[in-house]
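Chemist: what would the 3D arrangement of this be:
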Amino acid sequence: MVETVSGHELTEDEAALYDRQIRLWGVESQRRLRGANILLIGVKGLGAEICKNIVLAGVKSITLLDYGALAEEDFGTQFLAARSDVGKTRAEASITRARRLNPMVDVKVAPPATGDAETDPSFRPDSFFSEFQVVIATGLGMSSLLRLNSACRRASTETNKICFFAGDVFGFHGFLFSDLQEHVHVEKTQAIIPGNTKSGVPATITSNTTVTKHFVPLEEPFSLTWNSGNLANVHDSFFLVKVLLTFRDENGRNPSISSKDADLEKLKAIRNRLLSETGAPEDIISDSALEKSYGEACPVCAIMGGFLAQEVVKAVSQMDAPFDNFLLFEPDVCEGVVYRIAKDTVHRSFKKSKKKDQSPACTPSKKMKV
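Modeler: This is a model prediction of the structure:
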């Protein structure tokens, strides 16, 4: 829940620039966006898409944190950096074009860090994250994401509960996770009133309902086992994400085409180990799914970048129900599925699913064709 940003007053220039958005979600929501400070970790293909969408939405500032050196292989998906900037950090290389998208947004590079935090932002002090209303993490391993999520919760206050998002694209697969802690938003509901006796035309009345949702940290869904969490209904991609994040933890990189065969064997070993530890069936992640997990597919970056930026806008503006808590993109059917994966359903409020066997731990709430 973001309360501290609601006091920003829109100037005439801002009102003119964001006129179409104001018509869509209202002045108060745009005021919240114009007061929001965003931290984006990782500016490869997915990060570039997220950055572009958030800058165009009109936040107050976005801070880019990526000290990886820009390389030729990045240009398949990274459109914010220029080829003349090869060798610079991805954050520095992206800042010029990002600023051109919307001069009213303050786009900047995060200050350098020392020690372990120099290469892993999850080791930065909690005070660093307290400056932001939203923290978005891409390109990190599982252990880093868990530390970062915990840091955001520790750095939160009653008036600024930091919204944490994690997302990534592995080949043709993608995922999004959100932890908004305790989040208040407005949902529009419509009621139809029968028309008068002369015309018989019904009237529609729209009203706003305030809803509070409670989210769980990333550690909870990743700690569930097949039996204790009853994960039978969750999409296979959830387990694939765990395998790929673990590969990144253990190897300090993503699976690479240049070492495809060797990396495939490593992925299979990690898959077998994690599925055994979780108690999941051995065939839940196929070899073909692992083979589709190399690099970043440009269309998937665009899809997931759109979804993640949309969720940031909803979280900050407090308009419409946010996804809770995983979105998994399945390339074979070009479909994104939203699941709440948690130990219980105390705060569950979902639409009906087509699946008959509903699990307390993981219930699909939405399916979206792309």
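Chemist: strands along this protein, start to end?
Modeler: For the chain, the strands defined by DSSP state E cover 37-41, 61-65, 106-109, 134-137, 163-170, 173-179, 182-193, 203-214, 326-330, 335-341, 362-369.
Chemist: show the average pLDDT along the last one.
Modeler: Pointing back at strand 362-369 there. Taken as a whole, strand 362-369 has a mean pLDDT of 58.
Chemist: now do the same for the residue lying closest to residue 210 once chain neighbours are set aside: its pLDDT.
Modeler: In space, and not counting its chain neighbours, residue 210 is closest to residue 186: 5.9 Å by C-beta to C-beta, 6 or more residues apart in numbering. In this view, the C-beta of every residue, glycine as well, is placed from N, C-alpha and C. Confidence at residue 186, expressed as pLDDT, is 79.
Chemist: ok, now how distant is residue 186 from residue 214?
Modeler: Going from residue 186 to residue 214 by C-beta to C-beta, to the nearest Å gives 17 Å.
Chemist: more crowded one of those two?
Modeler: Set side by side, residue 186 and residue 214 show more neighbours around residue 186, with 17 against 13, by other C-beta atoms under 10 Å.
Chemist: out of the helices and strands in this structure, which is least certain?
Modeler: Ranked by mean pLDDT, DSSP states H and E, the weakest helix or strand in the chain is strand 362-369, scoring a mean of 58.
Chemist: return the alpha-carbon coordinates of stretch 285-299 using PDB.
Modeler: The C-alpha coordinates for stretch 285-299 follow below in PDB (Å, rounded to 0.1, in the frame of the first residue of the first chain):
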ATOM      1  CA  ILE A 285       9.300 -30.700 -16.200                       C
ATOM      2  CA  SER A 286      10.100 -32.100 -19.600                       C
ATOM      3  CA  ASP A 287      13.500 -31.900 -21.400                       C
ATOM      4  CA  SER A 288      11.800 -29.900 -24.100                       C
ATOM      5  CA  ALA A 289      10.800 -27.200 -21.600                       C
ATOM      6  CA  LEU A 290      14.400 -27.000 -20.400                       C
ATOM      7  CA  GLU A 291      15.600 -26.600 -24.000                       C
ATOM      8  CA  LYS A 292      13.300 -23.600 -24.500                       C
ATOM      9  CA  SER A 293      14.900 -21.800 -21.600                       C
ATOM     10  CA  TYR A 294      17.900 -20.300 -23.300                       C
ATOM     11  CA  GLY A 295      18.400 -16.600 -23.800                       C
ATOM     12  CA  GLU A 296      15.600 -14.000 -23.800                       C
ATOM     13  CA  ALA A 297      12.900 -14.200 -26.500                       C
ATOM     14  CA  CYS A 298      12.100 -10.600 -27.500                       C
ATOM     15  CA  PRO A 299       8.200 -11.100 -27.800                       C
END
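Chemist: report the buried residues of it.
Modeler: Across stretch 285-299, burial judged by 16 or more other C-beta atoms under 10 Å covers 285, 289, 290, 292, 293, 294, 295, 296, 297.
Chemist: likewise stretch 13-25?
Modeler: 14, 17, 18, 21, 22, 25.
Chemist: now do residue 50 against residue 123, distance only.
Modeler: Here residue 50 is placed at a distance of 22 Å from residue 123 (C-beta to C-beta).
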